[in-house]
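Peer 1: need a structure here:
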Amino acid sequence: MSLVTPYSAQHVASIYRRLLRLSLNWAVRRDIWRKQALEIRAKFDANKNITDPRQIRDLIIEVERQLVINRHPDPYIPPSRPGGSKFERNVPPRLDKPIDGDY
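Peer 2: Next up, the predicted model:
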(Lines give C-alpha, C1' and ligand atoms only; values in the text may rest on other atoms or scores of the structure.)
Protein backbone atom coordinates (compact mmCIF):
# COMPACT_ATOMS: atom_id res chain seq x y z
CA MET A 1 0.00 0.00 0.00
CA SER A 2 1.44 3.35 -1.00
CA LEU A 3 0.97 6.61 0.82
CA VAL A 4 -1.04 9.18 -1.08
CA THR A 5 0.12 12.77 -1.01
CA PRO A 6 -2.54 15.49 -0.82
CA TYR A 7 -0.65 17.47 -3.46
CA SER A 8 -1.74 16.71 -7.00
CA ALA A 9 0.12 17.27 -10.24
CA GLN A 10 -2.21 20.20 -10.92
CA HIS A 11 -1.20 21.79 -7.62
CA VAL A 12 2.50 21.45 -8.45
CA ALA A 13 1.89 22.83 -11.96
CA SER A 14 0.06 25.78 -10.41
CA ILE A 15 3.03 26.49 -8.14
CA TYR A 16 5.35 26.26 -11.15
CA ARG A 17 3.27 28.79 -13.11
CA ARG A 18 3.10 31.12 -10.09
CA LEU A 19 6.89 30.97 -9.77
CA LEU A 20 7.28 31.83 -13.45
CA ARG A 21 4.89 34.79 -13.14
CA LEU A 22 6.66 35.98 -10.01
CA SER A 23 10.05 35.86 -11.72
CA LEU A 24 8.58 37.81 -14.65
CA ASN A 25 7.55 40.55 -12.21
CA TRP A 26 11.17 40.96 -11.14
CA ALA A 27 12.74 40.70 -14.61
CA VAL A 28 10.54 42.19 -17.34
CA ARG A 29 13.14 41.69 -20.08
CA ARG A 30 12.54 38.26 -21.62
CA ASP A 31 16.21 37.40 -22.12
CA ILE A 32 16.90 37.82 -18.39
CA TRP A 33 13.64 36.13 -17.43
CA ARG A 34 14.37 33.14 -19.67
CA LYS A 35 17.50 32.30 -17.67
CA GLN A 36 15.50 32.44 -14.46
CA ALA A 37 12.75 30.30 -16.00
CA LEU A 38 15.30 27.66 -16.96
CA GLU A 39 16.67 27.65 -13.39
CA ILE A 40 13.15 27.20 -11.99
CA ARG A 41 12.52 24.35 -14.42
CA ALA A 42 15.80 22.68 -13.47
CA LYS A 43 14.84 22.80 -9.77
CA PHE A 44 11.45 21.22 -10.51
CA ASP A 45 13.03 18.56 -12.73
CA ALA A 46 15.58 17.73 -10.01
CA ASN A 47 12.73 16.98 -7.59
CA LYS A 48 10.28 15.25 -9.94
CA ASN A 49 11.21 11.71 -8.86
CA ILE A 50 10.70 12.26 -5.13
CA THR A 51 8.07 9.87 -3.79
CA ASP A 52 8.27 10.42 -0.04
CA PRO A 53 5.06 12.31 0.92
CA ARG A 54 6.74 14.12 3.81
CA GLN A 55 9.56 15.35 1.61
CA ILE A 56 7.07 16.45 -1.08
CA ARG A 57 5.04 18.30 1.55
CA ASP A 58 8.15 20.02 2.90
CA LEU A 59 9.24 21.09 -0.59
CA ILE A 60 5.81 22.50 -1.43
CA ILE A 61 5.57 24.36 1.87
CA GLU A 62 9.03 25.84 1.30
CA VAL A 63 8.20 26.95 -2.25
CA GLU A 64 4.89 28.51 -1.18
CA ARG A 65 6.72 30.32 1.63
CA GLN A 66 9.23 31.66 -0.92
CA LEU A 67 6.34 32.84 -3.12
CA VAL A 68 5.01 34.92 -0.24
CA ILE A 69 8.42 36.27 0.78
CA ASN A 70 9.47 37.22 -2.77
CA ARG A 71 6.17 38.79 -3.82
CA HIS A 72 6.76 41.93 -5.87
CA PRO A 73 5.37 45.16 -4.33
CA ASP A 74 4.38 46.49 -7.77
CA PRO A 75 3.74 43.49 -10.04
CA TYR A 76 3.93 43.82 -13.81
CA ILE A 77 0.52 44.09 -15.48
CA PRO A 78 0.36 43.77 -19.26
CA PRO A 79 -0.90 47.10 -20.68
CA SER A 80 -4.16 45.79 -22.17
CA ARG A 81 -5.17 43.74 -19.10
CA PRO A 82 -7.51 45.17 -16.42
CA GLY A 83 -5.39 47.51 -14.33
CA GLY A 84 -2.90 48.00 -17.18
CA SER A 85 -2.02 51.40 -18.62
CA LYS A 86 -3.97 50.85 -21.88
CA PHE A 87 -7.03 49.04 -20.48
CA GLU A 88 -10.14 50.67 -21.94
CA ARG A 89 -8.15 53.73 -22.97
CA ASN A 90 -10.07 54.10 -26.24
CA VAL A 91 -13.50 52.78 -25.44
CA PRO A 92 -15.50 52.30 -28.66
CA PRO A 93 -18.45 54.69 -29.11
CA ARG A 94 -21.94 53.58 -28.23
CA LEU A 95 -23.82 52.23 -31.22
CA ASP A 96 -27.34 52.61 -29.82
CA LYS A 97 -29.44 55.79 -29.95
CA PRO A 98 -28.41 58.41 -27.39
CA ILE A 99 -30.81 59.09 -24.55
CA ASP A 100 -32.25 62.64 -24.41
CA GLY A 101 -29.60 64.94 -23.00
CA ASP A 102 -26.87 62.31 -23.36
CA TYR A 103 -24.72 63.44 -26.27
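Peer 1: contacting residues around Asn49?
Peer 2: Not one residue lies near Asn49 by C-beta atoms under 8 Å, 6 or more residues apart in numbering. C-beta: built from backbone N, CA, C; applies to glycine.
Peer 1: could you report the distance from it to Gln55?
Peer 2: Separation of Asn49 from Gln55 (C-beta to C-beta, to the nearest Å) stands at 11 Å.
Peer 1: same question for Asn25.
Peer 2: Distance of Asn25 to Gln55, given as C-beta to C-beta: 29 Å.
Peer 1: these two: which is more packed in?
Peer 2: Remark: of Asn25 and Gln55, Asn25 carries more neighbours, 16 against 12, as counted by other C-beta atoms under 10 Å.
Peer 1: isn't the more buried one right up against Ile77?
Peer 2: No - contact criterion C-beta atoms under 8 Å: Asn25 and Ile77 do not qualify, at 9.4 Å.
Peer 1: please identify every residue contacting each of these two.
Peer 2: With C-beta under 8 Å, 6+ apart, Asn25 and Ile77 have no common neighbours.
Peer 1: now do the one helix or strand Tyr16 maps to, average pLDDT.
Peer 2: Taking DSSP states H and E as the definition, one finds Tyr16 inside helix 9-26. Across helix 9-26, the average pLDDT comes to 91.
Peer 1: so which residues of the protein form helices?
Peer 2: In the chain, the segments counted as helices under DSSP state H are 9-26, 30-46, 53-69.
Peer 1: closest one to Arg81 among the ones you listed?
Peer 2: helix 9-26 (12.4 Å; C-beta to C-beta).
Peer 1: mind listing what's buried along that closest one?
Peer 2: By 16 or more other C-beta atoms under 10 Å, the buried positions in helix 9-26 come out as 12, 15-16, 19, 22-25.
Peer 1: other SSEs contacting that helix?
Peer 2: Other elements packing on helix 9-26 under the criterion 3 or more C-beta pairs under 8 Å, 6 or more residues apart in numbering; DSSP states H and E are helix 30-46, helix 53-69.
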